[in-house]
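Visitor: Got a predicted model here, sequence first, then my questions.
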Amino acid sequence: MVSIIKTLTTAALAGGIFASAAQAGGTVEVLHWWTSGGEAKAVGELKKAFESRGGTWIDSPIAGGGGDAAMTALRARVVAGNPPTAVQLKGPGIQEWALEGALNDVDGVATAENWDSVLPPALASIMKFEGKYVAAPVNIHRVDWIWANPDALKKAGVEAMPTTWAEFNAAAEKLRAAGIIPLAHGGQPWQDATLFEDVVLGVGGADFYRKALVELDQAALSGDMMVASFDQLRMLRGFVDPNFSGRDWNLATAMVSRGEAGFQIMGDWAKGEFLAAGLVPGVDILCAPTPGDGFVLNSDSFTFFKVAGADNLAGQQTLASLIMSPDFQSVFNLAKGSIPARTDVPLDDFDACAKLSHADLVAAVASNALVPSMAHEMAVPRSVRGEIMDLVTAFFNSDMSSQDAAKQLAAAVARAQ
Ligand code: GAL
């Protein structure tokens, strides 16, 4: 991840020279889950750019935030012997599919365009299988964000964005007293897991997060720090309105846009929604990292499934090259709410929240506080993630004690391993 702090100029040169190396054209069927307003706008940029390189785009969107429905659909397609040409896939999922022999590599494009020199090494290694690129990253999303409606905060007498969980809880109480829903939330397992991992980082710090949610250390999963994390998650549960069950994340985001709710804790794809609604992040909508030091990393990428036919293979090459082109990384991420995966794309046109994301990312790399998102499939195999999410959701929707939750979490993880 060290090369993220490389000077812009050297890498920009490399990107410029090699950007046109791949062949044009071809056909891709793209399976993705970008169906909310901001997401659709961002993927629309990808489609437009692909078509302008002479390609034919077949859209296969599978609605459902966080991608769980998309992953189920993908498995069915592969089992039926009919995989899509390109699939939004990430983290250990890339390795899992590569191990099954399901992926084509795009290493020829990656070598010609020198991807190694423009990607943070930690990200590059997620994209590779047995030393070859099998995926191309489009962005870096940050998961640990609080979004807030400044008018709602003002009405409630909250003067600043919270910097500790105690401050967050106090601000939420003020919002409630002013008749405003403190926390916009959608009760879906991946959304509950998003809150959970942000709290784990904030309460326990990056080393604890890593021990518990990456290394799956039994003592960390069942210990006092985890109990304290569940205590704070219980507090958050109390700030949610009664109709939260099953609500889509972007509907929760809209509650903040309208000032019906004060806060949402969500990754910066929420910013894509604010942008699509014409709001200016940092002005009309406030952003701040969730309390605690660190950065929860989520990166979207596309993989290239084993398909036959010259046209499909050409489509994969064209898409891989396009995704990694500096211009595309800029245009796409301006709509998506994330920042470019490439280290050499200037951020001048990006908003204050994106600039903060980049600065905090660099700082987190330097202080070893960068952690991969469990909820967004960057940290652990899907089987383990599934067990963790089930437990977190069960806790969120019951009166389970924090002690029991920590104990059961450790047991659930052990079961999945
Ligand atoms: C994440 C994904 C984001 C965003 C979000 C909600 O897992 O990385 O790009 O789309 O789900 O759907």
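Guide: Received, thanks.

Visitor: Just list whatever residues bridge to the residue lying closest to residue 94 once chain neighbours are set aside.
Guide: Of all residues not flanking residue 94 in the chain, residue 135 sits nearest, at 5.0 Å (CB to CB, 6 or more residues apart in numbering). C-betas here are computed from N, CA, C, even on glycine. Beta-bridge pairing for residue 135 (DSSP bridges): residue 303.

Visitor: Likewise for the one 5 residues further on?
Guide: Beta-bridge partners for residue 140, by DSSP bridges, are residue 339.

Visitor: follow-up on the earlier one: spit out the contact partners of the residue nearest to residue 94.
Guide: Contacts for residue 135 were tallied using CB atoms under 8 Å, 6 or more residues apart in numbering; they are 89-90, 94, 103, 126-127, 301-304.

Visitor: now, which of the residues you listed sits nearest residue 42?
Guide: Nearest to residue 42 among those: residue 302, at 12.8 Å, using CB to CB.

Visitor: Give me the neighbour count for the closest one.
Guide: Residue 302 is flanked by 27 other residues according to other CB atoms under 10 Å.

Visitor: With residue 278 instead?
Guide: Residue 278, neighbours per other CB under 10 Å, totals 8.

Visitor: who's in contact with the closest residue to the ligand within the stretch 101-250 of the chain?
Guide: At 5.4 Å from the ligand, residue 141 is the closest residue in the stretch 101-250 of the chain, using CB to the nearest ligand atom. Taking CB under 8 Å, 6+ apart as the criterion, residue 141 is in contact with 267-269, 297-300, 336-338, 376.

Visitor: now residue 26
Guide: By CB under 8 Å, 6+ apart, the contact set of residue 26 is 55-56, 311-319.

Visitor: switch to 6 Å and redo it
Guide: 55, 311, 314-315, 318 (CB atoms under 6 Å, 6 or more residues apart in numbering).

Visitor: that older thread, and the pLDDT for the residue of the stretch 101-250 of the chain closest to the ligand?
Guide: As predicted, residue 141 sits at a pLDDT of 98.

Visitor: what's around whichever residue of the stretch 1-150 of the chain sits closest to the ligand, how many residues?
Guide: Residue nearest to the ligand within the stretch 1-150 of the chain: residue 65 (3.6 Å; CB to the nearest ligand atom). Burial of residue 65, expressed as a neighbour count using other CB under 10 Å, amounts to 23.

Visitor: any idea how far the closest residue to it other than its chain neighbours lies from residue 270?
Guide: Nearest non-adjacent residue to residue 65, counting by CB to CB, 6+ apart: residue 249, 4.6 Å away. Per CB to CB, to the nearest Å, residue 249 is found 7 Å from residue 270.

Visitor: Can you pick out the residue with more neighbours from the two?
Guide: When residue 249 and residue 270 are compared for neighbours, residue 270 comes out ahead with 28 against 23, by other CB under 10 Å.

Visitor: that older thread, the residue nearest to residue 94 and residue 406: what is the separation?
Guide: Noted for residue 135: a distance of 34 Å to residue 406, by CB to CB.
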